[in-house]
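Colleague: got a predicted structure plus its sequence, pasted below:
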Amino acid sequence: MALLDTIHSPADLKQLDRSDLPRLASEIRAKIIDVTSRNGGHLASSLGAVELTLAIHYVFDTPRDRLIWDVGHQSYAHKLVTGRSQAFDTLRKPGGISGFPRITESIYDAFSTGHSSTSISAGLGMAHGKKLSGDAHKIVAVIGDGSMTAGLAYEALNHAGDSRGNLLVILNDNDMSISPNVGALSSFLSRTFSAKYLQDLRAEFGRFLKSLPKIGDDVYQLAKRTEESFKAFTTPGMLFEAFNFDYFGPINGHRLDHLIDILENIKTLDEPVLLHVTTRKGMGYPPAEKNPTLFHGIAPFDIRTGIKHPSPPSAPAYTDIFGQTICHMAEENPALLAITAAMPEGTGLSAFAKQYKDRFFDVGIAEQHAVTFAAGLATEGYRPVVAIYSTFLQRAYDQIIHDVCLDGHPVLFAIDRAGFVGDDGPTHHGLFDMAFLRPIPNLVIMAPRNEAQLVAMLKTGIGHNGPCAIRYPRGAGTGAAVNWETEPLKIGKGEVLRNGRDLTLLALGRPVQEALSAADILAEEGIDAAVVDARFLKPLDQDLLREIGSSQKPVITLEEGVAAGGFGSSVLEFFAEEGLICPLKRVGIPDRFMAHGHPDELRKACGLDAHSIVQVARNLLKKAAA
Ligand SMILES: Cc1ncc(C[n+]2csc(CCOP(=O)(O)OP(=O)(O)O)c2C)c(N)n1
Ligand SMILES: CC(=O)[C@@H](O)[C@H](O)COP(=O)(O)O
Ligand SMILES: [Mg+2]
């Protein structure tokens, strides 16, 4: 019988002899590889954290001791040993278990995650909460080296060191973010513990002390006795000790016996402790070890070869068209720069990074900094393009308002993954950007209906002397022919794609395609629907809206974003202010968080597919006629 089948909770894990744990670790790896090969998922990070997971659950009293996984994409082993091994086959499947820790999924998921660098803040909050209620249980926050590049992590360290929270932070250092980790911290972490020069330096220093006449040997002995402080001075401990943390490590995060020993030793320390653990991303599956970036978040693949299953032929992704377009534009415009917050591949900037090394900036997981950094570049006459997923841009709201838009700096926000993203679920769907960007003065906001229009919008954005945002979805475009010579759009002008006497489907971005299909279906029923591509969320095409509103025909607005405060709301506001009265129905995302699932299914659930739109149209017409 497989050992994993006997583990229904960490209590079962604790029954095992330590010598059985490596076998359990390899069974867990096999299970993770098997399921992600079928369902897709965050494989490399989860494989790297298997021993760490077992050691933590072996030593600590979870769920009374709280365990928080930063980002949470490495939590698959944790799910397997906390009662979810039967359900694990449903990982990221509609209705199945989430790819991230969810408080609602298990009592062992102490905090829901998905966005990075929240674990120390949340852990410190729990530590203080427990202290206030006289509960001596421990808080363990596991955070990766990539996630340690975000300012939020340091705000929490700063507070923890000062307020002496009873918190153990485990730094899971694999020298990788999704791509190789960047920044001074990353080189500091890897340089200090691996460099031979430090050892040489110490030996040389020892020889120097010994050579001092008379006192040398004594001083050398003293220096040896204070080896620990010497180490602390020359290892990453220096950084964390400055934050008032007790620092231990670095230790090999795949050596279960060492991990368990050290966790046993430090678990009783009633103060902020940082344990530095080094691991290998993709550990135990050679293709993932070799290419951890590819296997960070992977689509279904063949386990034997490690090659992704061929996906059905499709049009190029919006992301690819974005990447190619800014390379084209950069040729002609030396002021164009590109910025990513730790997602060069995901945002399609890899080619730009290679071609324009000096004009490309990966700032690490630091969305707030990315935006203000762009504002700084813009003041020097540059045209920064900040490519950030919709969901992660939420982090940088104040920077967009205060640092970019207030003074109208010409920063172009390329907002990828706008709309449903699918399997990552509610932490990652990009559904809020329209509602949160729309109230910001000076900002032009566009959404293309296809990839050809994305090119035109990028040209429009770069040509505009002010801040601009373009939101576009995850995945394949429509196959529309892309023309690099296309002209920029006239700002604030929509486009009538189809005239119709009975009602107007007024859409923005991807839903325009569904509106066109819906109009075809309605035409078969003798209903003549106009289809209008608004193109701009801001400024709205007021002339066109006046025309639509004064016709008094029913209007259906369509957007892949929250309905509250989004595109449809902006049309309603305009009609109300102009005194235009017509039956209007907004179709967008309702006022609840949307689970993970296939984007087409999620769209259907929100009424954003052609057939649902047809139904809304029929109802609206019926109501208008009554
Ligand atoms: C705020 C935010 N920005 C970007 C991401 C995308 N992202 C997810 S995991 C990851 C890399 C994290 O690296 P690390 O913490 O070192 O974990 P590892 O994958 O190496 O285990 C990134 C950039 C995110 N989840 N949250
Ligand atoms: C965990 C995380 O935040 C990223 O790995 C994210 O899942 C990437 O999403 P894409 O697959 O859309 O690039
Ligand atoms: Mg890492």
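Modeller: Ah, there it is. Ligands and ions are numbered 1, 2, ... in the order given.

Colleague: check what pLDDT residue 211 gets.
Modeller: At residue 211, the pLDDT value in this model is 70.

Colleague: how close does it sit to residue 54?
Modeller: The gap separating residue 211 from residue 54 is 49 Å, by Cβ to Cβ, to the nearest Å. For every residue, glycine as well, the C-beta is placed using N, CA and C.

Colleague: what's whichever strand or helix holds residue 329 packed up against?
Modeller: Per DSSP states H and E, residue 329 falls inside helix 318-332. Under the contact criterion of 3 or more Cβ pairs under 8 Å, 6 or more residues apart in numbering; DSSP states H and E, helix 318-332 touches strand 336-340, helix 350-355, strand 412-416, helix 451-463.

Colleague: higher neighbour count, residue 211 and residue 54?
Modeller: residue 54 (27 against 10; other Cβ atoms under 10 Å).

Colleague: for that one, which non-adjacent residue is closest in space?
Modeller: residue 21 (5.5 Å; Cβ to Cβ, 6 or more residues apart in numbering).

Colleague: report the contact partners of the one you found.
Modeller: Neighbour list for residue 21: 51, 54, 58, 256 [criterion: Cβ atoms under 8 Å, 6 or more residues apart in numbering].

Colleague: show the subsequent helix or strand relative to the lowest-mean-pLDDT helix or strand in the chain.
Modeller: Least confident element among the helices and strands of the chain, by mean pLDDT, DSSP states H and E: helix 227-234 (a mean of 50). Once helix 227-234 ends, the next helix or strand along the chain (criterion: DSSP H and E) is helix 237-242.

Colleague: separation between whichever residue of the stretch 501-626 of the chain sits closest to ligand 1 and ligand 2?
Modeller: Among the residues of the stretch 501-626 of the chain, residue 596 lies closest to ligand 1, at 14.6 Å counting by Cβ to the nearest ligand atom. Distance from residue 596 to ligand 2, counting by Cβ to the nearest ligand atom, to the nearest Å: 11 Å.

Colleague: and that residue, what's its pLDDT?
Modeller: 98.

Colleague: cool, and residue 185?
Modeller: pLDDT, residue 185: 82.

Colleague: give me the number of residues near it?
Modeller: 17.

Colleague: ok but it is inside a helix, no?
Modeller: Yes - per DSSP: H, G, I helix; E, B strand; the rest coil, residue 185 lies within a helix segment.

Colleague: make sure it is actually in contact with residue 147.
Modeller: No - in this structure, residue 185 is not within contact of residue 147 by Cβ atoms under 8 Å, at 11.1 Å.

Colleague: give the contact list for residue 591.
Modeller: So residue 591 contacts 562, 563, 564 (Cβ under 8 Å, 6+ apart).

Colleague: my bad, should have said residue 295
Modeller: Going by Cβ under 8 Å, 6+ apart, residue 295 touches 43, 44, 282, 285, 287, 288, 306.

Colleague: and these, which two are furthest apart?
Modeller: Greatest spatial distance in these: 44 and 306, 11.3 Å, computed using Cβ to Cβ.

Colleague: sorry, back to before: quickly note the distance from the nearest residue to the residue of the stretch 501-626 of the chain closest to ligand 1 once chain neighbours are set aside to residue 604.
Modeller: Nearest residue to residue 596, sequence neighbours excluded (Cβ to Cβ, 6+ apart): residue 425, at 3.1 Å. From residue 425 over to residue 604 the distance is 17 Å, taken as Cβ to Cβ.

Colleague: okay, those two: which has more neighbours?
Modeller: Each of residue 425 and residue 604 has its neighbours counted (other Cβ under 10 Å); residue 425 has more, 21 against 15.

Colleague: hang on, that one packs against residue 99?
Modeller: Yes - between residue 425 and residue 99 there is a contact under Cβ under 8 Å: 7.0 Å.

Colleague: coming back round to it: can you say which of the helices and strands packed on helix 318-332 is packed in most?
Modeller: Highest mean neighbour count among the helices and strands packed on helix 318-332 (mean count of other Cβ atoms under 10 Å): strand 412-416, with a mean of 27.

Colleague: just want the angle from it to helix 318-332.
Modeller: If you take axes from the mean of the first three to the mean of the last three Cα atoms, to 10 degrees, strand 412-416 sits at 160 degrees to helix 318-332.
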